[in-house]
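Asks: Okay, here's the prediction I keep looking at, along with the sequence it came from:
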Amino acid sequence: MATHPASPAPLALADGLILRTATPADLDQIGALLSERGDPNDALDHRLVVTDPEVGWSACAVVVDGDRVVSTATLLDEEVRIGDLRLPAGQVELVATDRAYEGRGLVRALMRWAHQRSAARGHVLQAMIGIPYFYRLFGYEYAIDIPPVLRVRTPPPGGSDAVLRPARPADVPALAALQHSAQAGFDVAMGHSAERWRWLREHGASALWVLERDGTAVATVRTTPPDGGVLLAEAAAVDGAAALDLLRAVAARYPEERLRVVHRAGTVTASAWQDLLVHEPPAAAEQYYVRIPDVALLLDRLRPLFWQRLTAAGLERGGRDIVLSTFGAHYRIPVRADGLGEVVTGGAMQGPRAVQGAGVAPDHLPALLFGPLGMEGLTRIRPDVYSADEERFRALFPPLTADLLSYYLPY
């Protein structure tokens, strides 16, 4: 059984409203609210989370007016891998407010609860999918590209003896291994937790499939319900033949539906499907939000990665500290013969060039640390991202590829 931080005491808000940890007695009201403000499947998704013994009710909070639930949010545990480092993270999901109570700061109060719980869980960042712009009000910034969706021009010809079937509990280790292999080539990755693998088998907004050959799971995919088209997401396969069989099997299951796939560049499925897809430029920018609650704490966790990047570039010698300024504060990382020292936080620094440092506006820091542009790319488009020692800071902050798996598909 997982251990959880103690639930905070109920918090009195304006107009007699109370913010508190949700309880089993709230289940039906939360489900009705989520269904009314979002999707009917959200009620099931919420139930799967809070009734999971490894997660429980402490993951969810509500605002109540007397006995009436009028707003809710849930915090999920995540793990983000960057290089070889694994960072505990949080993701806020299942947020909804009764229409009659909008504009009263209830989501702001719930986000504050979520971030406090996230800190208590030891998370050093939060990542999420969310309404455009809205979550920037709570310290989130766009940072990581959401992969594009491509239309299937034609499914693979021919047949196969592989069998496509719904995932079962016993499949989870194989599915996790397939995703681990698919994500191995990405610089930044977030996989599914053991709990979420359980939820996804009962999830209403997508179906989790296994492609089986001779009793062995050789591919997996999540698909959306057929409704004028089917989306294939999180596809992973052991080899190109399995990837082609997977697409062939989904096409056979939904012969009347238009198929689209999430393009996971560099993976087995992306390579196998390359000539079967219509490659069009994305219609619009789509990115995951990232929030960094404590810059010094995160930079400190990233020190082994920074040292690895410096040594790989042959730039570890010289003894000059790494200085990164967010203008209102700055962070100094001592460079020693055997690695990097603990991060030292200082005050405002408007001119980091004077100490051979770099400047990055705080709202661009998530993109610098986790995004596809790196220092060089951000410097070209953001006047408030720059460095005095370009070679060094390009090595420290390179462009990164990313692949994030989340409870909800961001499409």
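Replies: Here it is on my side, so go on.
Asks: Under the pLDDT cut-off, which ranges of this structure? List them.
Replies: Within the chain, the segments meeting pLDDT under 70 span 1-6.
Asks: hey, where'd the helices end up in it?
Replies: Taking DSSP state H as the criterion, the chain carries its helices at 27-37, 41-50, 106-120, 172-183, 194-200, 240-253, 268-273, 295-301, 303-312, 365-370, 374-381, 390-396.
Asks: Tell me what angle the fourth one forms with helix 240-253.
Replies: Calculated by axes from the mean of the first three to the mean of the last three C-alpha atoms, to 10 degrees, helix 172-183 forms an angle of 110 degrees with helix 240-253.
Asks: helices or strands up against helix 172-183?
Replies: Contacting helix 172-183 under the criterion 3 or more C-beta pairs under 8 Å, 6 or more residues apart in numbering; DSSP states H and E are the following elements: helix 194-200, strand 207-213, strand 216-223, strand 230-237, helix 268-273. The way it works is simple: take the backbone N, C-alpha and C, and place the C-beta from them, glycine included.
Asks: who's in contact with that helix?
Replies: For helix 172-183, contacts defined as C-beta atoms under 8 Å, 6 or more residues apart in numbering pick out 81, 167, 189, 191-192, 194, 197-198, 208, 210, 216-217, 219-220, 234, 236-238, 264, 267-269, 403, 405.
Asks: got a list of what residue 63 touches?
Replies: Residues near residue 63 by C-beta under 8 Å, 6+ apart: 13, 17-19, 69-72, 97, 101, 106, 109-110.
Asks: Grab the nearest non-local neighbour of it.
Replies: Once flanking residues are discounted, residue 63 sits nearest to residue 71: 4.0 Å by C-beta to C-beta, 6 or more residues apart in numbering.
Asks: circling back to that earlier point, next, format the helices and strands packed on helix 172-183 as CSV and append distance to residue 347 and mean neighbour count.
Replies: Shown next, in CSV, are the helices and strands packed on helix 172-183 (distance: least, C-beta to C-beta, whole Å; neighbours: other C-beta atoms under 10 Å):
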stretch, distance to residue 347, mean neighbour count
helix 194-200, 41, 18
strand 207-213, 50, 21
strand 216-223, 47, 23
strand 230-237, 45, 23
helix 268-273, 47, 21
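Asks: among these, which is nearest residue 144?
Replies: Residue 144 sits nearest to strand 230-237 of all the helices and strands packed on helix 172-183, at 15.8 Å, using C-beta to C-beta.
Asks: what inclination does the closest one have with respect to helix 172-183?
Replies: Angle, strand 230-237 to helix 172-183, by the same axes, to 10 degrees: 90 degrees.
Asks: what pairs with strand 230-237, and is each one parallel or antiparallel?
Replies: When sheet partners are counted by DSSP bridges, strand 230-237 sits next to strand 216-223 (antiparallel), strand 259-262 (parallel).
Asks: Turn those into a markdown table, including distance to residue 139.
Replies: Shown next, in a markdown table, are those (distance: least, C-beta to C-beta, whole Å):
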| stretch | distance to residue 139 |
| --- | --- |
| strand 216-223 | 30 |
| strand 259-262 | 28 |
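Asks: wait, which of these is closest to residue 131?
Replies: strand 259-262 (20.8 Å).
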